[in-house]
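[1] This is a predicted model, with the sequence first.
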Amino acid sequence: MKAMLIKDVNLLKGQKQFFGALLVMIIIFSGMQSDPTFSITYTTLMFAILTMTTMSYDDFENGMCYLLTLPVSRREYVTEKYVFGVLSSLCGCTGASFVAVSAGYIKGIAYPWEEWTATVVSCMLLLALVLAVTTPIQLKFGSEKSRMAVFGVFAFGSLAVFVIVKLCQAAGIDMDEVMKSALIENLTTTAWGICITAAIVLAVSWLISVRILEKREF
């Protein structure tokens, strides 16, 4: 697995322009906004999506046929993608947090650790959902067809969230207060709940991805 991780890191070295543009955007957002939640969440999401990029490179010109002739099992390949996705996203989240907190310090704005922890915990759930959805779809349909499939899944998810929010508003439920109560007032309980949920989601997705790749013919 170590060799596969090194391979993916080397693949991303060619994305210097992407990382440069992302850094500029983080600095701009952190300078313009007093709340760094968007910057941290956006960066974590972008790094999670990078896992799809590495799989696209692997699929390019039947590259998977070559990779699977190496002493790497299909189960190990899938495991490496999830590990790489989590590690790279954690690095992105850490970097964005450092830039955002530094920008707040320069502007004289204190960012409470409770809010930062709530943001990071929420990002971990978002990361788990993105990896859990995109990885099996990418392995099932390949780099080209998976784009539309992933778009459809997230469009449906966004619609479902929109409907839930509207139903809560119609029922007189203040979602802002609910989220504040869950993420700030009951932070420890919520954090453990999100971590356990994320682990379960990733485990189920990993099992599905392994099954897909083991049945796939090249």
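    Everything's here; your move.

[2] can you pull out the helices in this protein?
    In the chain, the helices defined using DSSP state H lie at 2-12, 16-32, 37-59, 63-67, 74-107, 113-170, 175-180, 187-215.

[3] Lowest average confidence across those, which one?
    Lowest mean pLDDT within the helices of the chain: helix 175-180, at a mean of 60.

[4] if we can go back for a sec, name the stretch among the helices of the chain that sits most buried.
    helix 37-59 (a mean of 21; mean count of other CB atoms under 10 Å). To be clear about C-beta, it is placed using only N, CA and C from the backbone, and glycine gets the same treatment.

[5] which residues touch residue 120?
    By CB atoms under 8 Å, 6 or more residues apart in numbering, the contact set of residue 120 is 40, 93, 97.

[6] what's the closest non-adjacent residue to the last one?
    What it means is residue 97. Spatial nearest neighbour of residue 97, excluding adjacent residues (CB to CB, 6 or more residues apart in numbering): residue 40 at 5.6 Å.

[7] and residue 73, how far is that from residue 66?
    Residue 73 is 15 Å from residue 66, where distance means CB to CB, to the nearest Å.

[8] wait, residue 3
    Distance, residue 3 to residue 66, using CB to CB: 14 Å.

[9] can you check residue 20 too?
    31 Å.

[10] Residue 202 now?
    28 Å.

[11] for residue 28, same thing?
    Residue 28 is 41 Å from residue 66, where distance means CB to CB.

[12] ditto for residue 46
    In terms of CB to CB, residue 46 sits 28 Å off from residue 66.

[13] if we can go back for a sec, looking at the contacts of residue 120, spot the one nearest residue 50.
    residue 93 (12.9 Å; CB to CB).

[14] so what's the closest one closest to, chain neighbours aside?
    Per CB to CB, 6+ apart, closest to residue 93 is residue 44, 4.6 Å.

[15] OK, contacts around that neighbour?
    Residue 44 makes contact with 89, 92, 93, 96, 123, 126, 127, according to CB under 8 Å, 6+ apart.

[16] ok, residue 116 touching residue 104?
    No - contact criterion CB atoms under 8 Å: residue 116 and residue 104 do not qualify, at 10.0 Å.

[17] Quick check: residue 62 vs residue 136, distance?
    Applying CB to CB to residue 62 and residue 136 gives a distance of 21 Å.

[18] scratch that, residue 22 is what I was asking about
    Residue 22 is 26 Å from residue 136, by CB to CB.

[19] Please apply the same query to residue 51.
    To residue 136, residue 51 is 12 Å away according to CB to CB.

[20] again, but for residue 41
    Counting by CB to CB - residue 41 and residue 136 are separated by 23 Å.

[21] Then residue 101?
    Distance, residue 101 to residue 136, using CB to CB: 35 Å.

[22] cool, residue 42 as well?
    24 Å.

[23] Same question for residue 12.
    22 Å.
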